[in-house]
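**Q** task: produce atomic coordinates for the following.
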Amino acid sequence: MIKLSEHKELTEHNLIRKAKLPSKVHIPLIQHFGKPCDKVLVKLNDFVKTGQMIATSEGGVFSPIHASISGKIISITDCPHPLLGRAKAVVIESDGEDEKIYDLINRNDEVQAYSAEKIREIIFNAGIVGLGGAGFPTHIKLKPPKPVDTFILNGVECEPYLNVDYRLMLERTEEIILGMKIIIKVLGAKNVYIAIEDNKKEAIELFRRANLPSNWIIVVLKTRYPQGGEKQVIKSCLNREVPQGKMPFDIGVVVNNVGTVYAIYEAVCKNKPFYEKVITVAGRGLTNSSNLEVRLGMSIRDLIDECGPIKEEPRKVVMGGPMMGIAQYNLDAPIIKGTSGIILFGKDEVVEVQERFCIKCGECVTHCPIGLEPGMISLAIAKDRLDLAQEYGVMDCIECGLCSYICPANRNLVQAIKYAKQKIEDKRTKK
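**A** Numbers count the residues shown, from 1 in each chain. Below is the predicted model:
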């Protein structure tokens, strides 16, 4: 792990505020790990309400999709997608009313009587996925095939610029605590840890002052990258390692990040489907870098306008953090469930480098947080030996980008690994 320049100061003290209601949203039918929602529940010219389920699937690993505004379905077609390039989406034109299909209620007192199965059903119907980046459907994660003894709240947020989880911990502390209690009820976990980096002093103090159960332990971690990775958090909190090819539940652990826990609270206690989330929109070329609560399907362009005016045209726009984020070529691409931020980089912040041959220095091996050999994996990929790349553990890569960051030859290691993982997944899907 290494210490990065954080650039948190752009938004760390900015309160979460509601973004303007978009006039139109593009809601992709794939916003999660697994299969797309291939069963569209609406048709052209239908009118929908905010929170209405608009797409689902008959089975497999998926999470339902909901309307994020009320209005008219004007198209169901291929649209820009921030990760896939293009994907099928439902396009809704706002009627300006934002009429909800649900009633926002307080079910805090009822939740204790809910069974684990009922809670998982609510989470499924709300369309909640992991908001730490992977987008794995949460209702499945909360039904591990093996017993778990430990739950960890991941409040690390180690990517530079991003302050989503930090602001949620400061402004919605009690709601997050209630969300944790719901998860613990479902899992039956006896040990509870709250992991927070030491650069988030106000959040640490808030949780220390909260009336937490006696078996909940706050763990203050050093500010290092990629400390927020699931396996890294487990290692730092418990000194347990997830074996290669295994999952956290294999060693009795479930980890959820702050945003996911808050979404669970809203679904279970407030009856609210998952159609909006908090993201950081930041850049030195923006007049008003902000932490915004935005509707899914809102375009990157609309968000930039919301935080403008722009003081200088960005050289690069990244969805996510600078280490793991994806550069965007089309600003009409929408915000999706896994979006954590939109970062604008000016011409002085983007350095173009020439990729050179691997010099076998071993820096990528030394710094890999899970002990892989990224250089050897990339060489296997270059020879189209995906079988060999799998032997070297390519599918275990967490795509943190650290190998590319420290490589003196400027090798595009993580890009090659992402490409290989996609090719391998495509082959599996065709089978």
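
**Q** and Phe136, how far is that from Val42?
**A** 26 Å (CB to CB, to the nearest Å). Bear in mind the C-beta positions are built from the backbone N, C-alpha and C, glycine included.

**Q** for the chain, longest helix please?
**A** What stands out as the longest helix in the chain, according to DSSP state H, is helix 413-430.

**Q** for the record, mean pLDDT for that one?
**A** Per-residue pLDDT values over helix 413-430 give a mean of 85.

**Q** which residue ranges of the stretch 51-200 of the chain form strands?
**A** Assigned by DSSP state E, counting those that start in this stretch, the strands in the stretch 51-200 of the chain fall at 53-56, 65-66, 71-81, 85-94, 150-155, 191-197.

**Q** what mean pLDDT does the fifth one get?
**A** Looking back up the chat, that one is strand 150-155. Mean pLDDT, strand 150-155: 97.

**Q** got it, and stretch 116-123?
**A** Mean pLDDT, computed over stretch 116-123, is 97.

**Q** from the contact counts, what lies against the longest helix of the chain?
**A** Here helix 413-430 touches helix 374-382, helix 386-391, helix 402-406, going by 3 or more CB pairs under 8 Å, 6 or more residues apart in numbering; DSSP states H and E.

**Q** confirm Ile279 sits in a strand?
**A** Yes: secondary structure of Ile279 (DSSP: H, G, I helix; E, B strand; the rest coil): part of a strand.

**Q** which strand residues bridge it?
**A** Leu292 (DSSP bridges).

**Q** now do the contacts for it.
**A** By CB atoms under 8 Å, 6 or more residues apart in numbering, the residues touching Ile279 are Val164, Asn291, Leu292, Val294, Leu303, Ile335, Thr339, Ser340, Gly341, Ile342.

**Q** please apply the same query to Glu313.
**A** The contact partners of Glu313, taken as CB under 8 Å, 6+ apart, are Gly285.

**Q** isn't Arg224 right next to Lys3, touching?
**A** Yes: between Arg224 and Lys3 a contact is recorded at 6.1 Å, counting by CB atoms under 8 Å.

**Q** just the strands in the stretch 251-400 of the chain please.
**A** Ranges of strands in the stretch 251-400 of the chain, per DSSP E, counting those that start in this stretch, are 253-257, 276-282, 290-295, 316-319, 326-327, 341-345.

**Q** how much space between the nearest residue to Arg301 once chain neighbours are set aside and Glu202?
**A** Nearest non-adjacent residue to Arg301, counting by CB to CB, 6 or more residues apart in numbering: Leu331, 4.1 Å away. From Leu331 across to Glu202, the span is 33 Å (CB to CB).

**Q** residues near Glu349, how many?
**A** Counted with other CB atoms under 10 Å, residues neighbouring Glu349 total 16.

**Q** and of the helices and strands packed on helix 413-430, who's closest to His13?
**A** Closest of the helices and strands packed on helix 413-430 to His13 is helix 402-406, at 27.3 Å (criterion: CB to CB).

**Q** buried residues in the worst-scoring helix or strand of the chain on mean pLDDT, which are they?
**A** Here the helix or strand of the chain ranked lowest by mean pLDDT, DSSP states H and E is helix 413-430, holding a mean of 85. Buried positions in helix 413-430, judged by neighbour count with 16 or more other CB atoms under 10 Å: Leu413, Val414, Ala416, Ile417, Lys418, Ala420, Lys421, Ile424.

**Q** most widely separated two among those?
**A** In terms of CB to CB, the buried residues of helix 413-430 reach their longest pairwise distance at Leu413 and Ile424, which sit 16.5 Å apart.

**Q** Val219 should be in a strand, yeah?
**A** Yes: membership of Val219 in a strand is supported by three-state DSSP.

**Q** residue contacts, Ser63?
**A** Gln31, His32, Gly34, Cys37, Phe124, Gly127, Ile128, Val129, Pro137, Thr138, His139, Lys337.

**Q** now, these that are in helices?
**A** Residues of the contacts of Ser63 located in helices (DSSP H): Phe124, Thr138, His139.

**Q** quick one, what contacts the residue lying closest to the last one once chain neighbours are set aside?
**A** Counting by CB to CB, 6+ apart, the nearest residue to His139 once its immediate chain neighbours are dropped is Phe124, at 3.9 Å. Counting by CB under 8 Å, 6+ apart, Phe124 makes contact with Ser63, Pro64, Pro137, His139.

**Q** which one of those residues is nearest Pro80?
**A** Distance to Pro80, by CB to CB, is smallest for Ser63 among those, at 20.7 Å.

**Q** of the contacts of Ser63, grab the buried ones for ChimeraX.
**A** Only the buried entries of the contacts of Ser63 go into this ChimeraX selection, using 16+ other CB under 10 Å:
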select :31,32,34,37,124,127,128,129,137,138,139,337
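
**Q** and the contacts of Ser63 as a markdown table, adding distance to Gly179?
**A** Shown next, in a markdown table, are the contacts of Ser63 (distance: CB to CB, whole Å):
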| residue | distance to Gly179 |
| --- | --- |
| Gln31 | 21 |
| His32 | 19 |
| Gly34 | 23 |
| Cys37 | 25 |
| Phe124 | 16 |
| Gly127 | 16 |
| Ile128 | 11 |
| Val129 | 15 |
| Pro137 | 17 |
| Thr138 | 11 |
| His139 | 14 |
| Lys337 | 17 |
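
**Q** now Gly34. Nearest residue, chain neighbours left out?
**A** Spatially, and ignoring its direct neighbours in sequence, Gly34 is nearest to Val61 (3.2 Å; CB to CB, 6+ apart).

**Q** distance of the one you found relative to Phe124?
**A** For Val61, the distance to Phe124 - CB to CB - is 12 Å.

**Q** I'd say Leu84 and Ile30 touch.
**A** Yes: the pair Leu84 / Ile30 is scored as a contact, 7.0 Å apart, by CB under 8 Å.
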